[in-house]
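Engineer: Quick check, what structure comes out for this input:
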Amino acid sequence: MSSKSPLLDLSGIGEKTLENLKNMGIENLKDFLFYLPKGYQDRTKITLINNLTQDQACLVDGIILDSRIIMARRRMLICEIEDDSGALLTLRFFHFNQAQKNQFIKNKKIRVFGTPKRFQYHFEMIHPEYKVYDLADRADTQVRPYMGETGPWRGEPCVRPSRERGLPLETQLTPIYSLPDGVFQNKFRSWIKKSFELIKPEDLEELLPEELKKSWSFPSLYDALRFIHEPSVGTDFEKIIKGDHPMIHRLIVEELLAHSLFLLNTKSKIKKEKSPICQLDLKLKNSFLSNILFKPTGAQERVLLEILEDLKQPSPMLRLLQGDVGSGKTWVAALSALCVISSGYQVALMAPTEILAKQHFKNLSVWFGFLNIKTVLLISKQTGKLRSEVYAQVKTGEAKLIIGTQALFQEGLDFSNLGLVIVDEQHRFGVLQRKALLEKGTNNLKPHQLIMTATPIPRTLAMTVYADLDVSILDELPPGRIPIKTILINSQKRAEIIERVFKYIEQGHQVYWVCTLIDESEVLESEAAVLIFELLKQEIEKLSLKIRINLIHGKLKPAEKNQIMEEFSSGEINILVATTVIEVGVDVPNASVMVIENSERLGLSQLHQLRGRVGRGSTASYCVLLYQTPLSQTARARLEAMRETTDGFILAEKDLELRGPGEFLGTKQTGEMSFRFADLARDRAWLPKIHQGAVLLWESYPEQAQKIMDRWLKSSADLAEV
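Structural biologist: Okay, here's the model as predicted:
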């Protein structure tokens, strides 16, 4: 029988609230302290109504003049109040009951907190927080007529409140928390206050070594947490929100240290496992190279040597291969696979889509066919006898290179002797998934892993997010590649672009036309792919052109998407209208024009990935970025960066600077862990120091390192066993 939760002793917490708190990660009193406010309100001073500022939340003390229910487009409760400034403020409620209406009694005092909105000649607040109370001393009030222009009470005397009397003001900024339904701000603040009463400074163990605390000039953990929940009057709470305050630095750093330590711990555990020792047969390598039609770049040769050195080791290789679009990652993957296969083991290559898996199979089955290496494809389309045959070939070891999607690692498929897993284009493939792949080995040997991505990751992020991986970078493009020319054009000139695209198609080229949404949205004002498809189709019919056009988007079934992409790849389709579903797609050398609608809405990394769909042939290629005005400063900077460079690593740094990692990265990259205080983009200046500090803790203070992980990563013990 489970023991009673200590939280049930707090006022207002029952079994249902307990479950809500557990879902928030709160299971004990200390967890309350580590639950960060999302913002703050200033209730330490009263603002006169005639000094209100649009959209700036504030506290107002006034007197009720009148209240009434009105029937307009919807039923609403209106309450009019006035203060010493003589100005009028309207409180408007769309959700209310009779008891609430009865509270608003003329001449009673009211304290209101809300966000004022300008409405005609005065301000109003919609659904503000409020408290109605009586005057403490009627003799200390004054009476004068209200001289407003409207209302049934015009000219009637009303009792004016004395500003010297009334409810006491808050002495600290009021924290606001992100809470689920059923958990209320006031109650939650009271639980945090109670937690601080019950938890003393000595109860929060200081886990940072003194040498780190001194070098970083940090306050104690208890002081930092208390300050975050109870900032004093005069504190610039914008600095807290922006992570630019010594107290928040203390929490950011320890959380980032916990994350880095977890990845170091993960890597350490994996490196203790045994893996096959593989060496590349030079004769086989020369035979392979003689059958391909291109010469590797210096970067490809350098990276291959790094990988081959890893494969010689008896512990698992964990390597991230970063390479811009077209840098030759497939060549490196092929030679890596050849090394493992020539050593007597199997290789699995996993692609994110069936389209990309089939493309890899098409290329690699030819390359390895010259060497009589059995290559098979495993995708969801295969059923019955064909699938059974592939399964049997994999299980017996007849199949040496197995290419497919994530279906490769589902139950039912048994490998004979898997030695290497190559994961392509999975830049959001997290630490937990990477660890799960190790379980696919046989004979107590864990397979080596090579994770490939064409989405360049800034160095500081790679150091933190991929700390469990060694990183190799392909920073050189093959010679002869014609740079893609990027053009920025206002979407009002779309008709001119359509005309030029049609002429380009008549010259034998193919075109991608990418839209950011499939359904029309008034909120985003983005062009819908369906509407663009219809527009282009009408123009083609009007001009009686022999141009074939089709539409692909995320709502289509996989089989339909595959069919359309195959038709585009074979040249049957001239214009492919698409959503960003083609960001990672098939190689179509004849596609030399990419038009992107509403390009200002996409991040640089995504724009760069889309642009990389063209420029794969021998002719000049173009990326046309259509945008809508007015452009924000950030959007303008993003589009200018696209025009200025095609270097994915430069763009990745710029993207991180402009957008932050919330969009740049996915949570899977951090092993399904989310940050409570830290923000990888905002706090990236700390990351090199964090890495050094984590190594120091790991090597010199192992007990404290484990405690830091336990404190910040509730499931670190479970994660470590995955």
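Engineer: Now do the same contact list for Cys623.
Structural biologist: When contacts are counted by C-beta atoms under 8 Å, 6 or more residues apart in numbering, Cys623 touches 484-487, 593-594, 596, 610-611, 614, 642. Every C-beta, even on glycine, is put in place using the N, C-alpha and C of the backbone.
Engineer: now swap in Ala559 and tell me
Structural biologist: Counted by C-beta under 8 Å, 6+ apart, Ala559 has contacts Lys381.
Engineer: How much space separates it from Ile355?
Structural biologist: According to C-beta to C-beta, to the nearest Å, Ala559 and Ile355 sit 11 Å apart.
Engineer: And for Glu273?
Structural biologist: 34 Å.
Engineer: Neighbour count for those two, which is higher?
Structural biologist: More crowded of Glu273 and Ile355, by other C-beta atoms under 10 Å: Ile355, with 23 against 15.
Engineer: Tell me if I'm right that the more buried one and Ile564 touch.
Structural biologist: No - the criterion here is C-beta atoms under 8 Å, and Ile355 misses it with Ile564 at 9.7 Å.
Engineer: Neighbours of Ile473, how many?
Structural biologist: Close neighbours of Ile473, defined as other C-beta under 10 Å, add up to 20.
Engineer: and it, helix, strand or coil?
Structural biologist: What DSSP: H, G, I helix; E, B strand; the rest coil gives for Ile473 is strand.
Engineer: OK, contacts around it?
Structural biologist: Contacts for Ile473 (C-beta under 8 Å, 6+ apart) come out as 299, 303, 322-323, 649.
Engineer: State which helix of this structure is the longest.
Structural biologist: helix 246-271 (DSSP state H).
Engineer: What residue spans form the domains of this structure?
Structural biologist: The chain breaks down into these domains under automatic domain parsing: 6-39+172-235, 49-160, 282-474, 485-645.
Engineer: For Pro688, find the nearest of the ones you listed.
Structural biologist: Closest to Pro688 of the domains of the chain, according to C-beta to C-beta: domain 282-474, at 6.9 Å.
Engineer: Quick one: mean pLDDT over that closest one.
Structural biologist: Averaging pLDDT along domain 282-474 gives 87.
Engineer: So what's the gap between it and the chain middle?
Structural biologist: For domain 282-474, the distance from its own C-alpha centre to the chain's C-alpha centre is 27 Å (C-alpha atoms, centre = their mean, to the nearest Å).
Engineer: Quick check: end-to-end length of that domain?
Structural biologist: End-to-end distance of domain 282-474: 23 Å, with C-alpha to C-alpha, to the nearest Å as the criterion.
Engineer: Same check on stretch 512-529?
Structural biologist: One end of stretch 512-529 to the other measures 12 Å (C-alpha to C-alpha).
Engineer: got it, and stretch 175-184?
Structural biologist: Start-to-end, stretch 175-184 (C-alpha to C-alpha) is 12 Å.
Engineer: same question for that stretch, mean pLDDT?
Structural biologist: The average pLDDT for stretch 175-184 rounds to 89.
Engineer: from the chain's centre, how far out does that stretch sit?
Structural biologist: With C-alpha atoms, centre = their mean, you get 23 Å for stretch 175-184.
Engineer: what comes into contact with that stretch?
Structural biologist: Applying C-beta under 8 Å, 6+ apart, the contact partners of stretch 175-184 are 16-17, 20-21, 23-24, 35, 37-41, 185, 188-189, 192, 228-231.
Engineer: Contacts only, for Lys45.
Structural biologist: If a contact means C-beta under 8 Å, 6+ apart, then Lys45 has 59, 169 as its contacts.
Engineer: and if we set it to 10 Å?
Structural biologist: By C-beta atoms under 10 Å, 6 or more residues apart in numbering, the residues touching Lys45 are 58-59, 169-170, 233.
Engineer: Sort out which of those residues are buried, if you could.
Structural biologist: Those of these that meet the buried threshold are 58-59, by 16 or more other C-beta atoms under 10 Å.
Engineer: Closest one to Glu600 out of the contacts of Lys45, please.
Structural biologist: For the contacts of Lys45, the residue nearest Glu600 by C-beta to C-beta is Cys58; the value is 34.5 Å.
Engineer: what separates that closest one from Ser67, distance-wise?
Structural biologist: From Cys58 to Ser67 the distance is 21 Å (C-beta to C-beta).
Engineer: Confidence-wise, which helix or strand of the protein is lowest on average?
Structural biologist: None of the helices or strands of the chain scores lower by mean pLDDT, DSSP states H and E than strand 142-145, at a mean of 34.
Engineer: Could you check how many residues crowd around Lys493?
Structural biologist: 10.
Engineer: mind checking how far it is from Lys537?
Structural biologist: Applying C-beta to C-beta, the value for Lys493 to Lys537 is 20 Å.
Engineer: try Lys557
Structural biologist: For Lys557, the distance to Lys537 (C-beta to C-beta) stands at 22 Å.
Engineer: can you map out the helices along the stretch 601-722 of the chain?
Structural biologist: 604-611, 633-644, 648-659, 661-664, 687-700, 702-712, 716-720 (DSSP state H, counting those that start in this stretch).
Engineer: Buried deepest among those helices, which one?
Structural biologist: Greatest average neighbour count among the helices of the stretch 601-722 of the chain goes to helix 604-611 (a mean of 24), per mean count of other C-beta atoms under 10 Å.
Engineer: So Arg226, which state does it fall into?
Structural biologist: Assignment for Arg226 (three-state DSSP): helix.
Engineer: who are the neighbours in contact with it?
Structural biologist: So Arg226 contacts 33, 192, 196, 199, 201, 204, 219-220, 247 (C-beta under 10 Å, 6+ apart).
Engineer: In the residues you listed, find the pair that's most separated.
Structural biologist: Among the contacts of Arg226, the pair separated by the greatest distance (C-beta to C-beta) is Ile192 and Pro219, at 18.8 Å.
Engineer: Name the nearest residue to Leu65, ignoring sequence neighbours.
Structural biologist: Leaving aside its sequence neighbours, Leu65 sits nearest to Glu80 (C-beta to C-beta, 6 or more residues apart in numbering; 4.5 Å).
Engineer: I'd guessed that neighbour sits against Phe123; true?
Structural biologist: No - using C-beta atoms under 10 Å, Glu80 makes no contact with Phe123, being 11.5 Å away.
Engineer: The two: who's more crowded?
Structural biologist: The neighbour comparison of Glu80 against Phe123 (other C-beta under 10 Å) goes to Glu80, with 24 against 21.
Engineer: State the helix or strand in which the more buried one lies.
Structural biologist: strand 75-82 (DSSP states H and E).
Engineer: and that strand, what other elements does it pack with?
Structural biologist: Strand 75-82 makes packing contacts with strand 58-71, strand 88-93, helix 98-103, strand 109-114, strand 122-126, strand 129-133 when contacts are defined by 3 or more C-beta pairs under 10 Å, 6 or more residues apart in numbering; DSSP states H and E.
Engineer: Point out where the chain drops to low pLDDT.
Structural biologist: Applying pLDDT under 70 to the chain flags residues 1-3, 135-166, 426-433, 480, 517-528, 581, 583-586, 659-674, 714-722.
Engineer: returning to that earlier point: which members of the contacts of Cys623 occur in strands, if any?
Structural biologist: 485-487, 593-594, 596 (DSSP state E).
Engineer: what is in contact with Ile355 and Ile564 at once?
Structural biologist: Residues within reach of Ile355 and of Ile564 at once, by C-beta under 10 Å, 6+ apart, are Ile582.
Engineer: if we can go back for a sec, each with direction, which strands does the strand holding Glu80 pair with?
Structural biologist: strand 58-71 (antiparallel), strand 88-93 (antiparallel) (DSSP bridges).
Engineer: buried stuff in it?
Structural biologist: Of the residues in strand 75-82, those buried by neighbour count under the rule 16+ other C-beta under 10 Å are 76-82.
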